[in-house]
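# here's a sequence, model it:
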Amino acid sequence: MSEESHHVAWADRIGLNKQWARDIQTCGDAFGSDMYLVAVRRFKNDIPDIKSGPQLKTKIKEFEEGELNEFKKILLYEWKKNFEQEAKNESFVAQKQDEINMYAAEELYKYIIQMLEDHGFGFYEANIETDTME
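Residues are numbered from 1 along each chain as shown. Reported below is the predicted structural model:
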């Protein structure tokens, strides 16, 4: 009996891969909703630094504190520069920050997925033959 399925690399090394797969599914299901931010944050929270391997959590933190935060600041600055009147209204600024945070969550999600893949934690397709009892 042959079965096509997706499996997780490094499943024998750590048990987090199934949780990551659930997190990825949750992010996909929540995309476009207010819950997306929570789903991405939960996914990020489920990723540790591997003791004798890649420092995944540290890499995510560095990306967030560096490149991602800088990008968010630039987006807000550009918006304020182009929409001076709206920038004087706190509710408009808060709304724009929410939009930027949603976009940043998308970028963080993509970064995490790519980082996991780059370090051999990605998904791969395989054909698995299972024994059957007759």
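# going forward, measure contacts between C-alpha atoms and count neighbours the same way
Fine.
# mind checking which helix or strand of this protein has the lowest mean pLDDT?
strand 2-8 (a mean of 46; mean pLDDT, DSSP states H and E).
# immediately after that strand, which helix or strand?
helix 17-30 (DSSP states H and E).
# counting contacts, what elements does that following helix pack onto?
helix 35-45 (3 or more Cα pairs under 8 Å, 6 or more residues apart in numbering; DSSP states H and E).
# ok now the next helix or strand after the helix it packs on, how far from the chain's centre?
Later in the chain than helix 35-45, the nearest helix or strand by DSSP H and E is helix 56-63. Its chain's average C-alpha position is 12 Å from that of helix 56-63, according to Cα atoms, centre = their mean, to the nearest Å.
# what's the angle between the top helix by length along the chain and helix 17-30?
The residue-count maximum for a helix in the chain (DSSP state H) belongs to helix 90-118. Put simply, helix 90-118 runs at 140 degrees to helix 17-30, going by axes from the mean of the first three to the mean of the last three Cα atoms, to 10 degrees.
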